[in-house]
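Colleague: A predicted structure for the sequence below; I have some questions about it.
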Amino acid sequence: MKLTILGFYGGYPAHTVGTSSYLIQSNGFNLLLDCGSGAMLSLEHKLDPLKLDAVVLSHYHQDHIADIGVLQYNWQINDDQVKQPLSIYGPSIDQEAFAKLTWANATIGIGYKNKEVIDIGPFTFEFLETIHPVPTYAMRITERATGKVFVFTADTAYDEKLNAISQNADILMTDTNFFDDKIGEKWHMTSTESGKFARLNNAKRLILTHLPANGSHELLKEQAKLSAGSNIDIILAKKYLELTL
Ligand code: ZN
C-alpha cells in the first residue's frame, strides 16, 4: 500500500498547500481519503482524477470535503470516459450532507455507520466515531493481501476509546492541530497527545497531520517525540510525501 499526502493543513489552505487529502493506492486501486481544499490540483500531479476508484470521507467539515463538488463536475463533464459513477463513502447519519455525495451521472454516495467494517477494493475499513463537533470517524485500513495497517484518527480530541482500532499500525496518522500549550476546549489533539497516543498503541511510524498554518512544525514534532518515546519514527506531513507500507 502506498500513501501520498496531497494536503495536510487543518482549517484552511495556506503556504500553497491544501487541507486534508490523501491518496492510498494498492494493486492498481486508487482511493482518495478526504477531499479538502486544493485536493483536485494536488491530485493532478499524481493521478488523473478519472482514475479514482473510490473516495472515503471522515466527516463533512469543509476542510475535508471542499473539493468534492469540483471532483463531481470533473466526472460529470467527462462521463464519456468512465464506465460507472465514482463511489464516495461518507457518514450516513448526516442525511443532508450524505445526499450531496450523489451527483447524476458522476458520483454515487455510499453510507457508512459507526463501528461498521466495509471492504473497499483491496482494503478493509473499520470505522469508529471520534470526539468532534460533528459525526466523525477514525479508520483502520488494512490491506488484505499483505495485512499492512494504516490508521487515521481523522479529526478528534484525545480519546483512548480509539485504541480499539489503533493498535500496532504500520503507519498511524493523527490529527495534530495544536501545540502542547493549547488550553481550553479542544476538538483536535495536541503534539504531546499525538505522541502519547502513538506510544500507547505501539505504532511503528507516526505521521503528524491536520497541521496548523501558524507556528513551527519542527517544534510540533519535537513535542510529539518527547511523549512518543524513541522507538517511534515521527514524520511531519508534507505535500506529495509518499510512504510505502
Ligand atoms: Zn473537522
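Modeller: Received the coordinates, thanks.

Colleague: for the protein, what lies in contact range of the ion?
Modeller: 61, 155 (CB under 5 Å from the ion). Every residue, glycine included, has its C-beta placed from N, CA and C.

Colleague: in the chain, which spans are helices?
Modeller: 39-44, 62-65, 68-77, 95-99, 163-166, 191-200, 217-228 (DSSP state H).

Colleague: can you say which of those helices is packed in most?
Modeller: helix 191-200 (a mean of 24; mean count of other CB atoms under 10 Å).

Colleague: give me the residues contacting it.
Modeller: 153, 158, 160, 162-163, 166, 172, 174-176, 178-180, 189, 206, 208, 219-221, 223-229, 232, 234 (CB atoms under 8 Å, 6 or more residues apart in numbering).

Colleague: please redo it, this time with the cut-off set to 6 Å
Modeller: With contact meaning CB atoms under 6 Å, 6 or more residues apart in numbering, helix 191-200 is reached by 158, 172, 174, 176, 179-180, 206, 208, 220, 223-224, 227-229, 232.

Colleague: how about stretch 22-39?
Modeller: Contacts for stretch 22-39 (CB under 6 Å, 6+ apart): 1-7, 13, 18-21, 46-47, 51-56, 58, 63-68, 121-122, 143.

Colleague: if I look at the closest residue to residue 168 other than its chain neighbours, how far off is residue 181?
Modeller: In space, residue 168 comes closest to residue 202 once its chain neighbours are excluded; the distance is 5.2 Å by CB to CB, 6 or more residues apart in numbering. Per CB to CB, to the nearest Å, residue 202 is found 27 Å from residue 181.

Colleague: more neighbours: which of the two?
Modeller: residue 202 (13 against 9; other CB atoms under 10 Å).

Colleague: how far does stretch 189-206 stretch from start to finish?
Modeller: End-to-end distance of stretch 189-206 (CA to CA, to the nearest Å): 14 Å.

Colleague: how distant is it from the center of its chain?
Modeller: 16 Å (CA atoms, centre = their mean, to the nearest Å).

Colleague: so for the nearest residue to residue 207 once chain neighbours are set aside, what's the pLDDT?
Modeller: Closest residue in space to residue 207, ignoring its immediate chain neighbours: residue 173 at 4.2 Å, by CB to CB, 6+ apart. Looking at residue 173, its pLDDT reads 98.

Colleague: contact partners for residue 173?
Modeller: Contacts of residue 173 (CB under 6 Å, 6+ apart): 152, 207, 209.

Colleague: since we're on the second one, how many residues are nearby?
Modeller: In terms of burial, residue 207 registers 26 neighbours under the definition other CB under 10 Å.

Colleague: now stretch 237-245: buried residues?
Modeller: 237, 239, 243, 245 (16 or more other CB atoms under 10 Å).

Colleague: what's the spacing between residue 88 and residue 120?
Modeller: Residue 88 is 11 Å from residue 120, by CB to CB.

Colleague: again with residue 166
Modeller: 19 Å.

Colleague: again, but for residue 84
Modeller: With CB to CB as the criterion, residue 84 and residue 120 are 15 Å apart.
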